[in-house]
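K.L.:
Got a predicted model here, sequence first, then my questions.
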Amino acid sequence: MTSGCACSEHSVAPALERVEVVANDRIASGVGLIVLHAPRTATAVRPGQFVHLRIARDSAHLLRRPFSIHRVRGERIEILYQVLGAGTRLLAERGAGEEMDLVGPLGHGWEIPPGIAHALLVAGGLGAAPLGMLAEELATRGVAVTVALGAPTEERLIARDLFENVARRFETATDDGSCGAAGFVTGVCETLLADEALDLVYTCGPEPMQRIVAAQAADAGVPCQVSLERLMACGIGVCLSCVVPTSEGQKRACVDGPVFDAATLMWDRPEIR
Amino acid sequence: MTSGCACSEHSVAPALERVEVVANDRIASGVGLIVLHAPRTATAVRPGQFVHLRIARDSAHLLRRPFSIHRVRGERIEILYQVLGAGTRLLAERGAGEEMDLVGPLGHGWEIPPGIAHALLVAGGLGAAPLGMLAEELATRGVAVTVALGAPTEERLIARDLFENVARRFETATDDGSCGAAGFVTGVCETLLADEALDLVYTCGPEPMQRIVAAQAADAGVPCQVSLERLMACGIGVCLSCVVPTSEGQKRACVDGPVFDAATLMWDRPEIR
Amino acid sequence: MSGSVTQTVDMSVKLGSLTLRSPVLTASGTFASGREFSDFLDLERLGGLVTKGVSLEPWEGNPTPRIAETPSGMLNSIGLQNPGVEAFCEKDLAYLADVDVPVIVNVSGHTVAEYVRVIERLESEPRVDGYEVNISCPNVDSGGMAFGTACAPAEEVTRACRAATRRPLIVKLSPNVTDVAEIARAVAGAGADAVSLINTLLGMAIDTATFRPKLARVVGGLSGPAIKPVALRMVWQVAGAVSVPVIGMGGIMDAEDAAEFMLAGASAISIGTANFIDPTTAMRVTDGLVEFCRERGIGRVSELTGALRT
Amino acid sequence: MSGSVTQTVDMSVKLGSLTLRSPVLTASGTFASGREFSDFLDLERLGGLVTKGVSLEPWEGNPTPRIAETPSGMLNSIGLQNPGVEAFCEKDLAYLADVDVPVIVNVSGHTVAEYVRVIERLESEPRVDGYEVNISCPNVDSGGMAFGTACAPAEEVTRACRAATRRPLIVKLSPNVTDVAEIARAVAGAGADAVSLINTLLGMAIDTATFRPKLARVVGGLSGPAIKPVALRMVWQVAGAVSVPVIGMGGIMDAEDAAEFMLAGASAISIGTANFIDPTTAMRVTDGLVEFCRERGIGRVSELTGALRT
Ligand SMILES: Cc1cc2nc3c(=O)[nH]c(=O)nc-3n(C[C@H](O)[C@H](O)[C@H](O)COP(=O)(O)OP(=O)(O)OC[C@H]3O[C@@H](n4cnc5c(N)ncnc54)[C@H](O)[C@@H]3O)c2cc1C
Ligand SMILES: Cc1cc2nc3c(=O)[nH]c(=O)nc-3n(C[C@H](O)[C@H](O)[C@H](O)COP(=O)(O)OP(=O)(O)OC[C@H]3O[C@@H](n4cnc5c(N)ncnc54)[C@H](O)[C@@H]3O)c2cc1C
Ligand SMILES: Cc1cc2nc3c(=O)[nH]c(=O)nc-3n(C[C@H](O)[C@H](O)[C@H](O)COP(=O)(O)O)c2cc1C
Ligand SMILES: Cc1cc2nc3c(=O)[nH]c(=O)nc-3n(C[C@H](O)[C@H](O)[C@H](O)COP(=O)(O)O)c2cc1C
Ligand code: FES
Ligand code: FES
């Protein structure tokens, strides 16, 4: 944490940690928030890092599932998850008191370069998950935070309270116009990039959205960091399942990312959708 | 149920039934009693029949597990189970309110020939499971019931209350002598065969025990029925995984059994241990 | 997934000269001759019923234990226990006389002549709609898989069976080969009207408590979800290699699995091990395929065949 | 299970001229060169560390997606992405210089000459204790599995590599063959000191939402518990066919699985996919094997090898 940089050089080595479910609640349609007692991870994790969670106990769904840490509260970590497939369906069934294990903290999280005064966070849907801890950390460090949060509909605007609490300016967009601007969050982003004097854009969400945000930031001459999701077997850099094409060659999303400098990503390659 | 015969000709066709766990308790070390709300099976099942239970929901432990019906109470069925492997470990974790499904009732249960007056039930360990319903049915029909129950130690004498309630005579044997005769239940069986005027012996337990009981009954000139356990994939007679060598050719334990006339079993074949 | 689309879906598929009302068949050895399943489903809604393997004389099968559970799968070494073709005609075909479903008889033999004689015996039975020649059973010592692991014997059996019947002839391929497409080409060239795959993968399991194999016969055939990726790959390879229709199977548990096989190139699919886990599977898959097509606005299930976008 | 027996267990095993302190190795491609695992386990307690496949030049690997989960398994089509032998020596071997564990380098090539040149380059590296020649990777277009699915090319690669080194030479066999014992005999005859098996089974998975293959390369290698029965069977067949030691792998998740492989005839075993699921697996298996032997009064783990009672 020296020099205000949350880069991987300073992060703690990952470990296998046995964790207990403290609470697990549905917070929007198809979205849950699970709170885990995970003292080691809670202490070690930096914003933008993730954990590799073993949800199933038997082999049918063999692989771990990667999830960002949304927030830390004492010895507890919070994960926001979207119910998509078998693993997240199982996750939604886990109740307080049940045990699981995770490998973490993993990955290279958000960089907070020294000297920045104003950051824009652009989140689409569950993209809010890894931005929660970042927003809190930025606010703690006195960086002004503007948040643009998008979702299909008001009910699906994730982590509103957190962002409202820490953001100097907070804008929303919904596809159906039920809250904030009608349309995609990229519209809001464009306006904010024009309106505000920004030092940095952080974004997470569907890749088509991230691509547009990255381009908008580049046009506005503002550096941009994006958090990518990739299929991951190991999560610790050995299997090479999660590679991302960058100007510096193929990078592993699990250790070199998941957060990348948007300028290094090769957006024209089919591997980035 | 015409002519007092519980043979398969009169049994109800099996069905796939969705059941709910009413209670699931540990009743001895490594032994549980699970009560399921299973109205169709509860009505249809005959003593000695079994159900094929889907314990796991995903594919890791793919096959169903066969369990005898121990007792029926209204719309509920009771299963006594020993925790042995993955499936029964999972079963022990199931709590009230959880759903499972079963295929049942299955198999050819105990025969109660018309005119019998006095029956001996010989159970070793979990062998008590399929004899519970039988003991109750015999008592209901006015057949005198003598029970010999064996276990390694007193705590593992299963279903004592049930047998004590319905049996005219109830003897126990424990390997460690903590209750009843010290030694195997076959010793008790021998005495009872000498003491009592018996029309029929019913037995279930480890195969070496069943083999001895069958031989003792044969020596005493008393017909004997045994319930066999075999690995079963389908439970409904199609896969031929459960075959047993008999004097009438290979029989399927799932539909032609699990109860067999001891005299037809080829005890000298390695398939019967 | 536009739930509002409610057009009907044409579920019929063509398998050479056979037109089936549905692409959902039963896999040999997992459905007997259907009688036991009549308690659980409507046999007449099946695309076809593929019987247990039938041999000329009664076969005893292998000693027990004959099955073992493995991760997401099972091993079996039943060894084609069956009462022989005569008993099959008397009992099984008699039962099926009143059931309106295409009957495909799975044929086994120790020698080419035995395969042929089973077919010859069945030629006079009107209730038989076609044959599936099993050259891929890993559980018998002579015959069985030996015919299915090289082109020449596979061709020979196929040619001999072809000469014995004009009914639809399906040859069931073994996955225990280096190049399944090559075998498929050989049997198609020798007159097979269709190929079905996969039979079980040869496997083994050991009981660490006793240091003994879990199967009395030591090795047996692996089936169930565990083998689905291998089965799909082989169906895809074979569908690309031959012009005859392909019947796909291996670990199908639900309609999504069935759709995967059709996308990979199968014209029809078979439910095997899943029949043991849920005896209503064939109906679940049938209904699920209708739904699958409906949700996507697909009017004929046969449009799925080979529709993989690579 | 007499918990009171507390004698020590000799865990060392011999692999040709190599004596390993434990039969537990890591499977190539699932452990990189160990560095990432040093957070989770003690590398020096491994029997040996088998590196990711190394080629002469850097290889880019295949496009993503490169993995898919399947029932009790996973598919991968990584395609041997690696920075080439030069970078391997500079980085990986440099890291391993201070780690006291036998290092076995997994060698890949598009041509026989490339395999040989990788070995030649490594001959001068003192940190290398042996080679595992990968003639069984299903994920590269030329070379890889092509060498491993017929006797002649398998023999040719082995002979050429044998000529290039006197260090222990292990040849890694493909399971995608009709007769794995035949290939094993061929490579043993050509000078392999040991054989390792199995590499992944060729498989495929389809996304029914998009009608696309789940892997960009369409097909990939199946690993994990799903393949264990096939792997065990092949280890058993090969151990019965050759006199060189066998390294067994395929779906090992715990000590019981490891014991199964040793009973089937393996002298050592490798942990592959399980490293991803639980990065401490190799230690769990090591400790578990000690316990396994202790409970049974077995003084040397090597007594398990081939102790199957059939
Ligand atoms: C670094 C990182 C952080 C993430 N953080 C979050 C988060 O905070 N909240 C959240 O809801 N989701 C997050 N995801 C996505 C999450 O991992 C997937 O939604 C989840 O793995 C889906 O699992 P499943 O079993 O429900 O889906 P299935 O489709 O059944 O999964 C099958 C396989 O695909 C993988 N997979 C499927 N979708 C994704 C995906 N989008 N990304 C990566 N792997 C996928 C699974 O891990 C599994 O291996 C993150 C992904 C990454 C890589
Ligand atoms: C007709 C019948 C009635 C039975 N009734 C009872 C009962 O009332 N109470 C009870 O505790 N047990 C009963 N059993 C035995 C019970 O089925 C097994 O204990 C159970 O299947 C073990 O499953 P597992 O997953 O714990 O063991 P695992 O060893 O993990 O099972 C692996 C496989 O082997 C099979 N298997 C293992 N042991 C047996 C066995 N003894 N018999 C049949 N299959 C076995 C399993 O079903 C599964 O397919 C009965 C068996 C049969 C055939
Ligand atoms: C218990 C059992 C018995 C089988 N018997 C036969 C048989 O008699 N003839 C045959 O061609 N295939 C037989 N098979 C193979 C299946 O028909 C099918 O090809 C294989 O199991 C793969 O499909 P699945 O994974 O859906 O079961 C048998 C499979 C099992 C599990
Ligand atoms: C992601 C991944 C990468 C692999 N890379 C290699 C490799 O580079 N060289 C090789 O010989 N085998 C490679 N393999 C095969 C494994 O070493 C092993 O043979 C196989 O996965 C079976 O073992 P398992 O089921 O325990 O994983 C790889 C396997 C996986 C899953
Ligand atoms: S997930 Fe294995 S290298 Fe990134
Ligand atoms: S369990 Fe399938 S025939 Fe008996």
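P.N.:
Received, thanks. Numbers count the residues shown, from 1 in each chain, chains lettered A, B, ... in the order given. Ligands and ions are numbered 1, 2, ... in the order given.

K.L.:
which parts of the stretch 101-250 of chain C sit against chain D?
P.N.:
With Cβ under 8 Å from any Cβ of the partner chain as the criterion, the stretch 101-250 of chain C meets chain D at residues C:149-150, C:176-179, C:201-206, C:208, C:210-213, C:218-219, C:222, C:224-230, C:232-233, C:236. Quick note: C-beta positions are derived from backbone N, CA and C, even for glycine.

K.L.:
Mind checking which of these are in helices?
P.N.:
Applying DSSP state H to these, the entries found in helices are C:Lys228, C:Pro229, C:Val230, C:Leu232, C:Arg233, C:Trp236.

K.L.:
What residues does the residue in the stretch 151-300 of chain C positioned nearest to ligand 5 make contact with?
P.N.:
Using Cβ to the nearest ligand atom, C:Pro229 is the residue of the stretch 151-300 of chain C that sits closest to ligand 5, at 19.7 Å. Taking Cβ atoms under 8 Å, 6 or more residues apart in numbering or on different chains, we find C:Pro229 in contact with D:Thr70, D:Gly73, D:Leu75, D:Leu201, D:Gly203, D:Met204, D:Ala205, D:Leu222, D:Ala226.

K.L.:
repeat that for 10 Å
P.N.:
C:250-251, C:260, D:68, D:70-71, D:73-75, D:200-206, D:214, D:219-222, D:226-227 (Cβ atoms under 10 Å, 6 or more residues apart in numbering or on different chains).

K.L.:
With A:Phe163 instead?
P.N.:
A:Phe163 touches A:121, A:123, A:128, A:131-132, A:135-136, A:145-149, A:157, A:170-172, counting by Cβ under 10 Å, 6+ apart.

K.L.:
Reduced to three states, what does it come out as?
P.N.:
Recorded secondary structure, A:Phe163: helix (DSSP: H, G, I helix; E, B strand; the rest coil).

K.L.:
Next, the buried residues of stretch C:47-67.
P.N.:
C:47-56, C:59, C:61-67 (16 or more other Cβ atoms under 10 Å in any protein chain shown).

K.L.:
Likewise for stretch A:194-205?
P.N.:
Under the neighbour-count criterion of 16+ other Cβ under 10 Å, stretch A:194-205 has A:Glu196, A:Leu198, A:Asp199, A:Leu200, A:Val201, A:Tyr202, A:Thr203, A:Cys204, A:Gly205 buried.

K.L.:
so of those, which ones are in helices?
P.N.:
Among the buried residues of stretch A:194-205, DSSP H puts none in helices.

K.L.:
you'd agree A:Asp58 is up against D:Pro225?
P.N.:
Yes. Contact criterion Cβ atoms under 10 Å: A:Asp58 and D:Pro225 qualify, at 9.2 Å.

K.L.:
Between these two, which contacts overlap?
P.N.:
B:Ala60, C:Pro71, C:Ser72, D:Ser72.

K.L.:
Export the residues you listed to TSV and append columns for secondary structure, distance to D:Leu15 and neighbour count.
P.N.:
Shown next, in TSV, are the shared contacts of A:Asp58 and D:Pro225 (DSSP: H, G, I helix; E, B strand; the rest coil; distance: Cβ to Cβ, whole Å; neighbours: other Cβ atoms under 10 Å in any protein chain shown):
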residue	secondary structure	distance to D:Leu15	neighbour count
B:Ala60	coil	32	26
C:Pro71	coil	28	27
C:Ser72	coil	32	29
D:Ser72	coil	29	28
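
K.L.:
Dump these into CSV; add pLDDT as well.
P.N.:
Shown next, in CSV, are those (pLDDT from 0 to 100):
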residue, pLDDT
B:Ala60, 94
C:Pro71, 98
C:Ser72, 98
D:Ser72, 98
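
K.L.:
Filtering those residues by proximity to chain A, which remain?
P.N.:
B:Ala60, C:Pro71, C:Ser72, D:Ser72 (Cβ under 10 Å from any Cβ of the partner chain).

K.L.:
give the contact list for the first one.
P.N.:
When contacts are counted by Cβ under 10 Å, 6+ apart, B:Ala60 is found next to A:56-62, B:86, B:90, C:69-73, C:225-226, D:71-72, D:225-226.

K.L.:
Keep only those of those that are in strands.
P.N.:
Of the positions in those, C:Glu69, C:Thr70, C:Gly73 sit in strands, assigned by DSSP state E.
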